Structures are given as structure tokens and as C-alpha cells.
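1. Any chance you can model this:
(chains A and B)
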Amino acid sequence: MSGSAGISPPPTESLPVTVIRPVEGWRRIDFAELWDYRELFWALCRRDIKVRYRQTVLGASWAILQPLVSMLIFTVIFGRLANIPSEGYPYPVFVFSGLLPWMFFSTVVSSGSAATVGSAQMVSKIYFPRLLVPLSSVGSPFVDLAIASVILVLLMALYGVSPGASLVFLPLCLVGMALVALGIGTAISAITVSYRDFRFVVPFMVQIWMYITPVVYPPSFIPESWRWLLYLNPMTGFVDGFRAAFLDKPVSIAVLLISLVYASAIFYVGLKYYRKVEQRFADVI
Amino acid sequence: MTNAIEIRGLSKQYRLGRGVTAHGDFRELLASWFRSPLRRRVRSESSASVDLFWALNDVSFSVERGQAVGVIGKNGAGKSTLLKLLCRIATPTRGEIEYRGRMAGLLEVGTGFHPELTGRENVFLNGAILGMKRREIQEKLDRIVEFAEVENFLDTPVKRYSSGMLVRLAFSVSAHIEPDILIVDEVLAVGDVAFQRKCLRKLRELVEGGTTVLFVSHSMDTVQSLTSKCLYLEFGELKYYGDTPRAIDLYLAANRSDGSITGYGDGRVTITHLEAELDAANRDSMDIRMTVRCHLQRDVEVFRLDFSIENDRGIELIHYMAPPETGIEGAAGTEVEFRYRVAAGPLGSGEYLITLSGYVNRGDLVTQTNKIPLLTVPRPVDQYGGLSQRIRPMLNAPVHSEARVLSDGILTQAGIGPA
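-> Residues are numbered from 1 along each chain as shown, chains lettered A, B, ... in the order given. Down below sits the predicted model:
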């Protein structure tokens, strides 16, 4: 080691021992190792963010335009033509505040799903906790969400809607959505390594999922006797919670907590599945 | 354990072909569920045993700390598999690996480099992938950049780098990880000669500093100069583990062909005959006279042969690229003969091997031989006057070529030209 000339290397006995053995079946999620590699997590996030905002001509405006255009379309179709109720808020504000968390969720799911196959070169050439590849796909959509939230605030000011105390629930909703999105994205990411055409299923699945989540309509739009079905979807609690946080609607803490438990379970199962399949990546990818 | 690496009964099994579970289509999986919904679709060892093969079979060895060990063997001998298992990229099927300290794998340089990011950003990204902490990279940044000789381009996106600059920067990051064990896979085959030397020097420095190095290469010369012990693998099995010179001799002996022309091609042209003789007027000017005959299976245009001559240590001495204007045209069924006189200058004693490559049109490869023995330069009577092969690379030896069609064809070109 050229840099440490003069310093004698530590005795062999003091060096940490690593043992590699074949592993069968389910493996534990090594959270300690993930923590050890946290700098790589940030490095991957930073990479995605920099590349996203440097490569596109539109830059940051992309994060604004996308939800804004969707908002306009949905306002015309669902707000004007279909006359879907919006709990007393102006429909543009209502739908925009639902679209932001949804777009965050769907971007994390789709980029997480594509992440492992997209990093094939890295996965087949170097060791690091592979889970970081799909997990780090949360970084860039998060920045998008932050930028778009500024627009949401401007839009609220324009329509005279003011936020209130419910805002304290915002972090909880963000964490919850990230957990669900990462759990799903990670699992699909592992599946696409073995079944490449599974990626065609993802946009389709996300699209359907949006319509069973109260993004363009309020939960109250569903008849009381069927509404419980809506809450089987963990995203209901978080999308509605995000909207409630900004628009100062009453937040149901019970729904949020149950959704969080739900989200953690999805996250755990997704990661666990990834770990199980992970060992074969280098052979298959 | 006081050894740096200990490997016991290491085996890796791969499955050939494509089962339902290996990189298949989701569509196929759905279809098979639909056809027989109750069957368990788990890979079962017995049913698929026909397409299984052992890329590495029951390999055991240990490496002392601070030792440089070469890994040699033909393509498919299991070298890469061994490295992948060591680097934890793939998991072993059987056996155990135990090592002490920080291990870094250099299976490829520039893993994870992103073209849109600047050199500096890529150093941090690549460093993080290799397991370095941000602070550590910060500290080493100057040394990394200096070694790579890219100081002036540090804030330029790497997509604007020349390939040489990119490789230099990438190697430089990897070389500064300062691991206890370093695994290197032929990455030195990149970059220009000067940089390759620099890399080798760096590796030697690491070894002298106490780093344990495992080094895979096809260049026997490099292996010999860098390592003291060698693992020689063949068909996934460890054939020999010991002194480097002995391992290299065993490897070279096993890979000498019997003189028949073997190779591959797309069926348009077959190389049927090769003969060569040494025309040594004196020791300083030796000519190789060579005749190659080819059989044209199809009509071809602008057919010509390139060749590369190397010594028995794997060093390429002569590389001849035939100019397209010397190419000839011939109808299917024709025999074509090429004659060459290579003014090779002084050649060291020993065996020389040749690889012939046939091209048509604007450069479509139609056939290529394996390395075939060309000739042996005898050791001079005065033993001490003999030149060692290693000191005489004649990369730009003048080559005179002449091509003619032997039967049923029209000779369109008989070119004579320098290499």
C-alpha cells in the first residue's frame, strides 16, 4: 500500500474474517450491512438526481409540467365532464394534491422495478448489497415531489385554500408511501431479472392501481357499505392522508397507523423476496 | 487461520440452456401454470441434470498474506468463476471461502461510471460502489486524479473523455482502495502500453506493501513478472498450484496444438494448408517464408488474410493487416494461395505461433484459426549468443505478400505491399 509507507500493516490475526458458504432458501435482510453501505445509497440517489436534472432540456420544469398537465386533463375529464365531487375543494387543487403523492409512488415503483436489470453491469461485476439498487430509486422522485409541492402551495394560494395543523401527518404519509413503493418495486425488480417481460406488466398494474386509489375522487365517493374495500389498499390511507395534510382535512390516525403497519409488511416481504432471489442474479442477469 | 485466503472444496454449478426458472419469459411461466396448475415449478436437480455443468469442481487452496498468485487456464477453465465467487458476486454451490481483511475485486474497471456525470462525480460514485467512504475518497482524490493524469478534465462529463482517459481514471479509483486482498481480472489489457506499465508498477507496489493479490491473465509474461505462485485451472479443476514458471510450462504444454489447422468460420472460406520456413541469412535478418492455401466454398470478393505471429510466451511480435486492395476475388470451389515473406529481423530461439484471419468485402471476418505452431527458431550452437525471445518484439516487420488463384478462377490482384 503506497499511501501507508513506513506503517507496518496490522497483524493478520487482527483482520476481520469473512466466510462465504452456499446459502439455501430464505436469507435474512442484512440491515447492518445496508447501514454500512449508506454512503453508496446516497451516492446512487445523487447520481439519479443529477442525471435527471442535467440530462433533460426541461430540467426541473419536468417535475412541474408532468403533474400539471395531468391535473389539467383530469380536471376537464373528471371535474367538469364527470362532475366528480371534491369534498368542497376546487377540483384542480383537490386532484393535484392527490396526483403528487401518486406520481411519487408510481415513479418509485417503475424505476425500482427496472433498477436491477438496468444495473446489470454493476451487479455482475462487483459486490455490494444489491438491495441498494432498487432502494435508491426513491431519491429522484422525492426531489420531484418536493419541487411539485411548491406548485401545490402556489395553487392553493391561488384558490384560497390554506394548510393547517394536519400538516404534521405529512412525514408519516411520505414514509408510508415510500415503504409500499419500495416493497413493490424491489419485489418486481427481482422478478424482472428472471422474467424480463414482466416489465410490461408494471405500467399496466400501476395504472389500474391508480383508479382503485382515491386520487381523482374522494373516498366518500364510494358508497359507505363498500368503502372498507378501498382501505384494503394501503395507498388509500397515504394518498388521502397527503391530501388531508395539505388541505387541512381531518386525518384519521387509525387509518394512517393501520396503513403504516400494512406498508411495513409489504416493504419487508418485498425485500425478503429480493434477498431470496438475489443469489442467482449474477448467474442469470 | 493465518492465511489470507483459504478455500475448501469450492464448487460452482451452472445450468446450461434455459429452464423455466432461468431468465425466461413471464408469458411462458403463465402459460405453464395454465397448462398444469398443480405442478410445483421448482428447479429439481434430477430432472434437469443433463444441462448442469461444474464451472468449478472441488477446488481447494490457500494463499498466504502478501503473496501474489496468478490464475491461468484456457477460456472456460473456471478462472472467472473462481473470481466471481471470491468477490461474492456469485454464490458457491458447495464448499467454503474464508478470507481475512478487506477484499476488493477489479473484475472490470469503471463499473457504474455514468457518462453524464463529471470525472469528479464519477470518482465518488465509483468509490462508493467499491465500498469506500466519502471522506476516504476525498482524502485520496488528489492521488487518484494525479495517477490517472486527468487533472484538467475533472469537471468535464466523462462522456467527453477519450477511452484512454476513462480507463485510466477508472483503474486509478480501483487501485486506491487499498484493500488487504485484491482480485484482478485482466483489466490491464486496457489502455495504452505506457499506462499498462504504470498499472503493473502499481500492482507490484501493492504486493510489496503487503497486499495479497490474485491475478488472472492470459499474458504469461505479465503473470511471470508479477506473481511467484500460480493456480492452473483446467475444466473447472485445479491442475496445479505452485511455482509460477512450472505452472506456465504446464499450461503452455497443454495448449500446444498438434499442428493441424483448427479454428472457426462462417463456411465461406476454409484455410486448408499452412507451411512456413525460416530463411536465416544471418542472425540479424531472418525472413519467414509462408504459404497459406484456402478453399473458397462460396464466391467471395476482396478476400485477404491478416495474421498475427506470437512467441510461446504469448507476446505478439508481428501483426499484419492486409490492405483491402490486395484482396482477391474468386468463385466457389477455387483454391487460393497466399505467399508471404516476413522480414522479421532477429528472432529469439523458441517456438512461434500464428493466428490467421480471413476477411472479405469491407472487413467481414469469414474465418479465423486458433493459434497454430508456425515454426521453431533453433537455439544457436553458441548457447550464450542465442537471443531470448522476450527482448525482440518486431511489431512493424515488413511483410511482402502475393496472392494467386490456383484453379478455376481469375486472378484479379497480386499485391505486394508493406505491413
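2. use CA for all of it now, contacts and neighbours both
-> Will do.
3. Going along the chain, name the helices of chain A.
-> Along chain A, counting by DSSP state H, helices occupy A:31-36, A:38-55, A:61-74, A:91-118, A:120-125, A:132-135, A:139-159, A:170-194, A:201-211, A:227-230, A:234-247, A:253-278, A:281-284.
4. Of all the ones you listed, which one is nearest chain B?
-> Smallest distance to chain B across the helices of chain A (CA to the nearest CA): 4.0 Å, for helix A:170-194.
5. How about the backbone phi and psi for the residue nearest in space to the middle of chain B?
-> What sits nearest the mean C-alpha location of chain B, by CA atoms, centre = their mean, is B:His218, with 5.2 Å. Backbone torsions for B:His218, taken as degrees, to the nearest 10, come to phi -100, psi -10.
6. any idea how far B:Ser228 is from the closest residue in space to it that isn't next to it in sequence?
-> Excluding its sequence neighbours, the residue lying closest to B:His218 (CA to CA, 6 or more residues apart in numbering or on different chains) is B:Ile72, at 6.8 Å. B:Ile72 sits 13 Å away from B:Ser228, taking CA to CA, to the nearest Å as the criterion.
7. neighbour-wise, which of those two wins?
-> Neighbours per residue (other CA atoms under 10 Å in any protein chain shown) separate B:Ile72 from B:Ser228, with B:Ile72 holding more: 26 against 15.
8. got a markdown table for the helices of chain A, with distance to B:Ile177 too?
-> Output for the helices of chain A, formatted as a markdown table (distance: least, CA to CA, whole Å):
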| stretch | distance to B:Ile177 |
| --- | --- |
| helix A:31-36 | 16 |
| helix A:38-55 | 15 |
| helix A:61-74 | 37 |
| helix A:91-118 | 25 |
| helix A:120-125 | 16 |
| helix A:132-135 | 21 |
| helix A:139-159 | 27 |
| helix A:170-194 | 30 |
| helix A:201-211 | 39 |
| helix A:227-230 | 52 |
| helix A:234-247 | 43 |
| helix A:253-278 | 26 |
| helix A:281-284 | 23 |
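9. Quickly, which of those bottoms out on average pLDDT?
-> Lowest mean pLDDT within the helices of chain A: helix A:281-284, at a mean of 76.
10. can you pull the alpha-carbon coordinates of that one into CSV?
-> What follows is helix A:281-284, C-alpha atoms only, in CSV (Å, rounded to 0.1, in the frame of the first residue of the first chain):
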residue,chain,number,x,y,z
PHE,A,281,-28.7,-12.6,-10.1
ALA,A,282,-25.1,-12.9,-11.3
ASP,A,283,-25.8,-16.3,-12.9
VAL,A,284,-28.9,-15.1,-14.7
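11. returning to that earlier point: how about the residue nearest to B:His218: which residues does it bridge to?
-> Under DSSP bridges, the beta-bridge partners of B:Ile72 are B:Tyr232.
12. show me the contacts for it.
-> The neighbours of B:Ile72, taking CA atoms under 8 Å, 6 or more residues apart in numbering or on different chains as the test, are B:79, B:216-218, B:230-233, B:248, B:251.
13. so what pLDDT did it get?
-> 89.
14. got the residues of the stretch 51-200 of chain B near chain A?
-> B:65, B:84, B:87-102, B:105-108, B:111-112, B:116-117, B:124-125, B:128-131, B:133-134, B:178 (CA under 8 Å from any CA of the partner chain).
15. again, 6 Å this time
-> Taking CA under 6 Å from any CA of the partner chain as the contact definition, the stretch 51-200 of chain B meets chain A at B:88-90, B:92-94, B:96-101, B:107, B:111-112, B:125, B:128.
16. Where does pLDDT dip in the stretch 101-250 of chain B?
-> The model of the stretch 101-250 of chain B has pLDDT under 70 over residues B:187-191.
17. Helices of that one, residue ranges please.
-> B:119-129, B:134-148, B:163-175, B:193-208, B:220-226, B:244-254 (DSSP state H, counting those that start in this stretch).
18. Run through the neighbouring helices and strands of the second one.
-> Applying 3 or more CA pairs under 6 Å, 6 or more residues apart in numbering or on different chains; DSSP states H and E, one finds that helix B:134-148 makes contact with helix B:163-175.
19. Next, the angle from the helix it packs on to helix B:119-129.
-> Angle between the axes of helix B:163-175 and helix B:119-129 is 40 degrees (criterion: axes from the mean of the first three to the mean of the last three CA atoms, to 10 degrees).
20. Just the angle for helix B:163-175 relative to helix B:134-148, thanks.
-> Orientation of helix B:163-175 against helix B:134-148 (the same axes, to 10 degrees) gives an angle of 140 degrees.
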